[in-house]
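S.K.: Please find the sequence and the predicted model below.
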Amino acid sequence: MTLILGSGGVTSLAGRRARLAELHRRGTWPPQVPTVVLTDALTGDHRRDFHENQLLRLCQVRDVTGQLARDAARMRTRTGRANSISATDAIVAALAVNCVEPVVLTSAPDDLRALLDDSDVPVTVARA
């Protein structure tokens, strides 16, 4: 199983040791985080981002390649809601379909489900 964190996933797990330990025990460690999620989840102030940065040190932060961005754009356009679904969520969804047994932790589960609606890869989407 592969855990992928959207910005809501990063925010909800930051500073929550018991929940992190449980995810580690379940074998969903380390989580995958696309770099663009950092833009949504962080403020740029190391004092305010302390817990998020601690969490991110334990994650695999994945670069957003040109191909991943193009796949995300296609997924976003297919929803018919490209103006209301964030590019970040689309990139999270595009990363998820390239992972083994993906589980996405997000604060926008409806948007993620819309993005993944046409996918052949089963993706579990959980609210952060």
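M.R.: All right, it came through fine.

S.K.: neighbouring contacts of the longest helix that the chain contains?
M.R.: If you go by DSSP state H, the chain has its longest helix at helix 66-78. Helix 66-78 is touched from outside by 34, 82, 85, 87, 90-91, 93-95, 97-98, 115-119, with contacts defined as CB atoms under 8 Å, 6 or more residues apart in numbering. C-betas here are computed from N, CA, C, even on glycine.

S.K.: Give me the buried subset of these.
M.R.: Pro34, Ile85, Ala87, Ala90, Ile91, Ala93, Ala94, Leu95, Val97, Leu115, Leu116 (16 or more other CB atoms under 10 Å).

S.K.: and which of those residues is nearest to Asp63?
M.R.: Pro34 (8.0 Å; CB to CB).

S.K.: got a list of what that closest one touches?
M.R.: Contacts of Pro34 (CB under 8 Å, 6+ apart): Ile4, Val61, Arg62, Val64, Leu68, Thr88, Ile91, Val92, Leu95.

S.K.: Which members of those occur in helices, if any?
M.R.: Those of those lying in helices (DSSP H): Leu68, Thr88, Ile91, Val92, Leu95.

S.K.: Help me confirm that Val103 is found in a strand?
M.R.: Yes - membership of Val103 in a strand is supported by DSSP: H, G, I helix; E, B strand; the rest coil.

S.K.: name the helices or strands packed onto the helix or strand of the chain with the lowest mean pLDDT?
M.R.: When each helix and strand of the chain is scored by mean pLDDT, DSSP states H and E, helix 17-25 comes last, with a mean of 88. In this structure, helix 17-25 makes packing contacts with helix 7-13, judged by 3 or more CB pairs under 8 Å, 6 or more residues apart in numbering; DSSP states H and E.
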